[in-house]
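Engineer: What follows is a predicted structure for the sequence shown.
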Amino acid sequence: ADTSGNAAPRASVSFVVDTTPPALAVTSHENGQVVTTPTITVSGTASDATSGVAAVEVNGEAATLSGGTWTMPGVSLDDGANAISVTAEDAAGHVANYILIINYDAPDTSKPVITIEEPTAGALLDAAPVMLSAELEDDEAVATATVVVKLNGADVTSGCAVTPFSVICPLSPADGTHSATINCKDTSNNAAVQKSVSFTLDTAPPVVSVTSHADGQVVVAPVITLSGSAADAVSGVFAVEVNGEAATYLGGTWTFLDATLDEGLNAFVVSAQDVAGHSAVTSLTINYVIPDCSSDADCDDADVRTEDVCLNPGTAGAVCVHNGIECLNDSDCNDWDPLTIDVCVNSGTPQSVCENTAVACNTDADCNDWDPLTIDVCLNPGTPQSVCENTAVVCNTNADCNDWDPLTIDVCLNPGTPQSACENTAVACNTDA
């Protein structure tokens, strides 16, 4: 009331007292958690029972606040420990703080490096086992369980000595060209670039033979040319020598010119060496004889089945040669088989040879299969191209079409031909009965 006793109307006011900061929590991560991504989303809860939460900031930037939950995407991290400051402010101006420590461990993205040390690419090796060795390098470590060694596509890792730094494999493949591959991963599962190496293994000597002369062969010329074959399926032939002197080698054949002979036995040693260094040796003896004859007549052995020749007639080197003749005419080649064509090729010469070429048939009778329902024909009779053709027919006569039904007329159409067919035509009756 005032001094005059006048009463004032009653006045009232409402107010809220908030003396506590909001409650703040991080739920997305634990303090000290290790992550492997360079950015993360941090989230949690914020509440104030009195005045309510006005804002949440993460590292000074406003987070999204909805219904008591806050979210801050795209928080960047440095390698190592990161202190993330989270603050929540209520409507009364009270602030709650939380420091979240996140440890960023940057993932290992570096691939291991494989270096094959031996064998060298394209190496030619002369003995097994072949030692395959490689160095394994990584900024962390190679996981030994991931090392895979393959030879020609087949896994051979079980026979290898494997460490985080190296792999050594004794390989014993067959002779030939091979390819080995090595794969691995590091402990962070980074796969290395596969490394491979090709090599050739040749453990066998070459094969060498003399084809121009047989061992012990008699010759009448004082100078001869020796020749033969030499081969090595893997590394190839490097050189051929005859009695220590180089022979000419070309395309699998070797030739040694002007080999001088003494009268009597002459020994020759032929050696071949392959590119891998293996050697093979063969030997033979040539018998140089000086006979005497002045003409072919002097060499006549009265055998019509030899060609009698005097080589070097009238000279100190003359010699009789009797070359066998297999046949003089086709009759000599008769093998008494009517189903062969008997021919004497190069008749009357040492090159003569009998050829007995089989034929399937000479006449249609040879093709008879005793089946009355086939047409038996000999195509190209009496030649190597002859062949029997037995063509089935359905019927030869009306009797073949008898279906034993008295109420059908049984007829063979086109009898005795591949187009033959039976026609069985029904009739209602044959007699009044």
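Structural biologist: All right, it came through fine.

Engineer: where does the stretch 251-400 of the chain have low pLDDT?
Structural biologist: Applying pLDDT under 70 to the stretch 251-400 of the chain picks out residues 314-316.

Engineer: mind listing the strands for it?
Structural biologist: Counting by DSSP state E, counting those that start in this stretch, the stretch 251-400 of the chain has strands at residues 253-260, 264-274, 279-288, 306-311, 319-324, 340-345, 353-358, 374-379, 387-392.

Engineer: and E135, which of the ones you listed is closest to it?
Structural biologist: Among the strands of the stretch 251-400 of the chain, the nearest to E135 by C-beta to C-beta is strand 264-274 (32.1 Å). Just so you know, the C-beta spots here come from the backbone N, C-alpha and C atoms, and that holds for glycine as well.

Engineer: Going by contacts, tell me the helices and strands next to that closest one.
Structural biologist: strand 207-210, strand 223-231, strand 237-242, strand 253-260, strand 279-288 (3 or more C-beta pairs under 8 Å, 6 or more residues apart in numbering; DSSP states H and E).

Engineer: What strands flank it, and is each parallel or antiparallel?
Structural biologist: Strand 264-274 has these partner strands in its sheet, going by DSSP bridges: strand 237-242 (antiparallel), strand 279-288 (antiparallel).

Engineer: Now render the strands of the stretch 251-400 of the chain as a markdown table, adding distance to P21 and mean neighbour count.
Structural biologist: Formatted as a markdown table, the strands of the stretch 251-400 of the chain follow (distance: least, C-beta to C-beta, whole Å; neighbours: other C-beta atoms under 10 Å):
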| stretch | distance to P21 | mean neighbour count |
| --- | --- | --- |
| strand 253-260 | 103 | 16 |
| strand 264-274 | 91 | 17 |
| strand 279-288 | 96 | 16 |
| strand 306-311 | 128 | 18 |
| strand 319-324 | 125 | 16 |
| strand 340-345 | 118 | 17 |
| strand 353-358 | 113 | 13 |
| strand 374-379 | 113 | 17 |
| strand 387-392 | 108 | 13 |
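
Engineer: Now render those as TSV, adding distance to C184.
Structural biologist: As requested, the strands of the stretch 251-400 of the chain are exported to TSV (distance: least, C-beta to C-beta, whole Å):
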stretch	distance to C184
strand 253-260	48
strand 264-274	36
strand 279-288	41
strand 306-311	73
strand 319-324	70
strand 340-345	67
strand 353-358	64
strand 374-379	68
strand 387-392	64
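
Engineer: out of the ones you listed, which comes closest to A55?
Structural biologist: strand 264-274 (87.2 Å).

Engineer: between the closest one and strand 223-231, what angle do the directions make?
Structural biologist: On the basis of axes from the mean of the first three to the mean of the last three C-alpha atoms, to 10 degrees, strand 264-274 is oriented at 30 degrees to strand 223-231.

Engineer: quick one: the strands in the stretch 1-150 of the chain?
Structural biologist: Using DSSP E, counting those that start in this stretch, the strands found in the stretch 1-150 of the chain span residues 23-26, 33-35, 39-47, 53-58, 61-62, 64-66, 69-76, 80-90, 95-104, 113-118, 123-125, 130-137, 148-151.

Engineer: Mind checking the ones you listed for the one nearest to E307?
Structural biologist: With C-beta to C-beta as the yardstick, what comes closest out of these is strand 123-125 (50.3 Å).

Engineer: Output the contacting helices and strands for the closest one.
Structural biologist: For strand 123-125, the packing partners by 3+ C-beta pairs under 8 Å, 6+ apart are strand 195-201.

Engineer: picking up where we left off before, mean neighbour count, mean pLDDT and distance to D335 added to the strands of the stretch 1-150 of the chain, as CSV?
Structural biologist: Formatted as CSV, those follow (neighbours: other C-beta atoms under 10 Å; pLDDT from 0 to 100; distance: least, C-beta to C-beta, whole Å):
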stretch, mean neighbour count, mean pLDDT, distance to D335
strand 23-26, 17, 95, 106
strand 33-35, 13, 95, 94
strand 39-47, 18, 96, 95
strand 53-58, 19, 95, 107
strand 61-62, 10, 96, 108
strand 64-66, 11, 94, 106
strand 69-76, 16, 96, 99
strand 80-90, 17, 95, 99
strand 95-104, 16, 96, 96
strand 113-118, 16, 97, 64
strand 123-125, 17, 96, 53
strand 130-137, 18, 97, 56
strand 148-151, 18, 98, 55
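
Engineer: which stretch among these comes nearest V387?
Structural biologist: Once these are compared by C-beta to C-beta, strand 148-151 is nearest, at 51.1 Å.
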